[in-house]
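> Task: produce atomic coordinates for the following.
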Amino acid sequence: QVQLVESGGGLVQAGGSLRLSCAASGRTFSYYVLGWFRQAPGKEREFVAAINRSGSMTSYGDSAKGRFTISRDNAKNTVYLQMNSLKSEDTAAYYCAATLRGSSVERNRAMYDYWGQGTQVTVSS
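Residues are numbered from 1 along each chain as shown. Model (predicted):
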């Protein structure tokens with residue numbers, strides 16, 4: 001089992017940047033595929049990005065392509081989401097998630113078994 005704790009959210013102006021971090025407990029962090037999802041009020045939780053166990057493969061949702069970068073440091077048990085060129089529509093609660101199942105860069109939220117508590121990102125226009 002793994003426990004996930006996100007940090008790094010906050011208020012930023014449109015066009016700005018934020019880096020989210022997600023720290024994980026446990027000694028088997030490198031076994032997990034990791035993902036970032038987000039959920040805006042009244043909307044479904046949406047896939048943002050995923051990264052494979054070694055960090056050599058990534059996948060992005062359409063809204064994140066070209067602006068966001070997912071990375072991981074297995075020595076620090078941490079996954080990151082660098083977000084650049086932020087827009088007001090990026091405003092949401094952002095969640096990191098982990099799974100031992102599914103594909104190497106899993107995009108389906110139903111395949112993730114462990115979730116953090118979320119961190120709020122608010123982009124002002």
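
> Run through who's touching stretch 34-41.
The contact list for stretch 34-41, computed with C-beta atoms under 8 Å, 6 or more residues apart in numbering, reads 20, 22, 45-51, 70, 72, 79, 81, 90-99, 106-107, 109, 112, 118, 121. Backbone N, C-alpha and C define where each C-beta goes, glycine included.

> no wait, stretch 97-107
The contact list for stretch 97-107 (C-beta under 8 Å, 6+ apart) reads 2, 4, 24, 31-37, 47, 50-53, 57-59, 61, 108-109, 111-116.

> which among the residues you listed end up buried?
By neighbour count, with 16 or more other C-beta atoms under 10 Å, those hold 2, 4, 24, 32-37, 47, 50-53, 59, 61, 109, 111-112, 114-116 as buried.

> buried sites along the helix or strand containing Val79?
Applying DSSP states H and E as the criterion places Val79 in strand 78-83. Using 16+ other C-beta under 10 Å as the burial criterion, the residues of strand 78-83 that qualify are 78-81, 83.

> Now Ile70: phi and psi?
phi -100, psi 140 (degrees, to the nearest 10).

> bridging residues for the residue nearest to the spatial centre of the chain?
In the chain, the centroid-proximal residue (C-alpha atoms, centre = their mean) is Trp36; its distance is 2.2 Å. Taking DSSP bridges as the rule, Trp36 bridges to Ala49, Cys96.

> pLDDT score assigned to it?
Listed pLDDT for Trp36 reads 98.

> Give me the distance from stretch 77-95 to the chain's centre.
Remark: stretch 77-95 is offset 7 Å from the chain centroid, using C-alpha atoms, centre = their mean, to the nearest Å.

> which secondary structure element contains Cys22?
Going by DSSP H and E, Cys22 is part of strand 18-24.
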